[in-house]
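Q: mind folding the following:
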Amino acid sequence: MKLYKMRSRFAIPLVKDTLCPQMEYFEHFAIIDVECNAIANERLITSHPLDLELLPEWLSENGVTDIITREIGDHLFKLLIKQNIKIHIGPELKKPIDLVIDWLQNSLIIKNNTSEDNE
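A: Next up, the predicted model:
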């Protein structure tokens, strides 16, 4: 269990209802709130900025603390880091809720994680 973080808000880019293979080509986001190491809320956001330059600020303004994505381009990666959003890259293609459950259980397998840099 992640005991160091009482609240997190995950944005997970989706195509249909599964993790999008490349963040820049997502259709919508699953937003999942974690409080006291448990999932508190899950919702789908279909309204978002179409311009990727505006997306990181919009996510930050909406309280997003973490993103789980399969792949992400360097430019968008840098824009998200500027907004202090943690990026978890490379997990399996799964349903959003399963990805966050994996994170809660310390079993989210990723190839890159910026959370150590931002804590």
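
Q: so which residues of this protein form helices?
A: 55-61, 74-82, 96-104, 115-118 (DSSP state H).

Q: which one of the ones you listed lies closest to Thr18?
A: The closest of the helices of the chain to Thr18 is helix 96-104. By CB to CB, the value is 8.2 Å. C-beta coordinates here come from the backbone N, C-alpha and C atoms, glycine included.

Q: list the helices and strands that closest one packs on?
A: If you count contacts as 3 or more CB pairs under 8 Å, 6 or more residues apart in numbering; DSSP states H and E, helix 96-104 packs onto strand 7-15, strand 28-35, strand 38-45, strand 66-69.

Q: partners of the shortest one in the sheet?
A: Using DSSP bridges, the strands paired with strand 66-69 in its sheet are strand 7-15 (parallel), strand 86-89 (parallel).

Q: can you tell me which of the helices of the chain is most buried?
A: With neighbours defined as mean count of other CB atoms under 10 Å, these peak in mean count at helix 96-104, which reaches a mean of 19.

Q: including distance to Ile39, could the helices of the chain go into JSON lines?
A: Conversion of these to JSON lines gives the following (distance: least, CB to CB, whole Å):
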{"stretch": "helix 55-61", "distance to Ile39": "19"}
{"stretch": "helix 74-82", "distance to Ile39": "22"}
{"stretch": "helix 96-104", "distance to Ile39": "6"}
{"stretch": "helix 115-118", "distance to Ile39": "18"}
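
Q: by mean pLDDT, show me the worst of the ones you listed.
A: Of all the helices of the chain, the minimum mean pLDDT falls on helix 115-118 (a mean of 43).

Q: low-confidence stretches in this structure?
A: 1-5, 112-119 (pLDDT under 70).

Q: centre-most residue in it?
A: Nearest to the mean C-alpha position of the chain, by CA atoms, centre = their mean, lies Ile67 at 1.7 Å.
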